[in-house]
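Pasting the sequence and the predicted model now:
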Amino acid sequence: MNYEDKLLLTKMRIQQWYEHWNGQVYVAFSGGKDSTVLLHIVRSMYPDVIAVFNNTGLEFPEIKQFVKSVDNVVWLKPKMNYQEVVRHHGFAIISKENAQKIRDIRLNGGISKNGKLYGKLPNKWRFMVDAPFKISEKCCDVLKKNPAKLYEKETGLKPMVGVMGSESSTRAVNAKINPCNAYDIKRPVSKPLNKWAEVDIYKYIDENNIKISEIYSMGYERTGCVNCMFGLHLEKGENRLQKLRRTHPKIHSYIINKMGAKEVLDYLDLQY
């Protein structure tokens, strides 16, 4: 699909979602460029739609400052902070899938409650089973998904999220299997940008003269949690934590020395 067709499809999906739920919808707004574009498109059609920002306490200060500049934004806060998540569940490392496999192996040898084996942990990560710290995939669930689910339960609003299928292989597969608007799943969700790519996002930003967070002018392409270690081992050259040391040295020092990342990264033999 070309850009113009993608934009038309996105607007059609937004209209269908909005009308299906009688306007009882919101935009999941992270302060990143993708959700900024989605919010702009949605509000060009329905100006009063609420944006919801999940304040995990781990966002870049530039992201928080940008979110504060946007009108009609609801701020959510998780019940646990990051250090409580680590204490109760463990560090989120490598990938969500492999962190879960490590946790499962530690709990019950990798056998599920119904007696089936969990997916095989790749051999190169087997040594992490014996790591002297907890490992878990629960971080995103506790800090992001659970507050959003609670908000939806309390308000009855249904989310639109700025997820693109081009962001990862997992999301690409999901984009082919699942529709942009999923009405009949346990947690209904709309992904109007499912067919978009990075180049489409920047084209829309340029065409509509949209302001985005200054964090992008500092060389960052992704704006999730500043301490995230998922996929860090895949980054070539200066990785995100090394970049953080250059751009936000105080935050970097706190993550490494106060939040326990040093022990984890040294065990993984990753540079930071």
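Looks like it arrived, so ask away. Owing to the predicted nature of the structure, the values given are computational and were not obtained by experimental measurement. Numbers count the residues shown, from 1 in each chain.

where do the strands sit along the chain?
Assigned by DSSP state E, the strands in the chain fall at 25-28, 50-54, 73-76, 93-94, 158-160, 181-182, 189-190, 229-230.

Lowest-scoring secondary structure element of the chain by mean pLDDT?
helix 169-177 (a mean of 53; mean pLDDT, DSSP states H and E).

wait, which of the strands of the chain is closest to Ser217?
strand 50-54 (20.8 Å; C-beta to C-beta). Any C-beta I mention is one placed from the backbone N, CA and C, and that applies to glycine too.

mean confidence for that closest one?
Averaged over strand 50-54, pLDDT sits at 98.

List the contacts of Ile255.
Neighbour list for Ile255: 226-227, 241, 244, 261 [criterion: C-beta atoms under 8 Å, 6 or more residues apart in numbering].

7 Å instead?
226-227, 261 (C-beta atoms under 7 Å, 6 or more residues apart in numbering).

what separates Thr56 from His89, distance-wise?
The gap separating Thr56 from His89 is 14 Å, by C-beta to C-beta, to the nearest Å.

Actually, Tyr18.
Applying C-beta to C-beta to Tyr18 and His89 gives a distance of 36 Å.

Next: Pro159.
Counting by C-beta to C-beta, the gap from Pro159 to His89 is 24 Å.

and what of Lys145?
When distance is defined by C-beta to C-beta, Lys145 is 13 Å away from His89.

re earlier: would you tell me which one of the strands of the chain is buried the most?
strand 93-94 (a mean of 26; mean count of other C-beta atoms under 10 Å).

gap between that one and the chain center?
15 Å (C-alpha atoms, centre = their mean, to the nearest Å).

Pull the residues that contact that strand.
The contact list for strand 93-94 (C-beta under 7 Å, 6+ apart) reads 99, 125, 135, 229, 233, 264, 268.

which residues touch the third one?
Spelled out, that is Ile135. By C-beta under 7 Å, 6+ apart, the neighbours of Ile135 are 90-91, 93, 99, 102-103, 128.

How about the longest helix along the chain, which residues are buried there?
Criterion DSSP state H: the longest helix present in the chain is helix 3-20. Buried residues in helix 3-20, counted by 16 or more other C-beta atoms under 10 Å: 6-7, 9-10, 13-14, 17-18.
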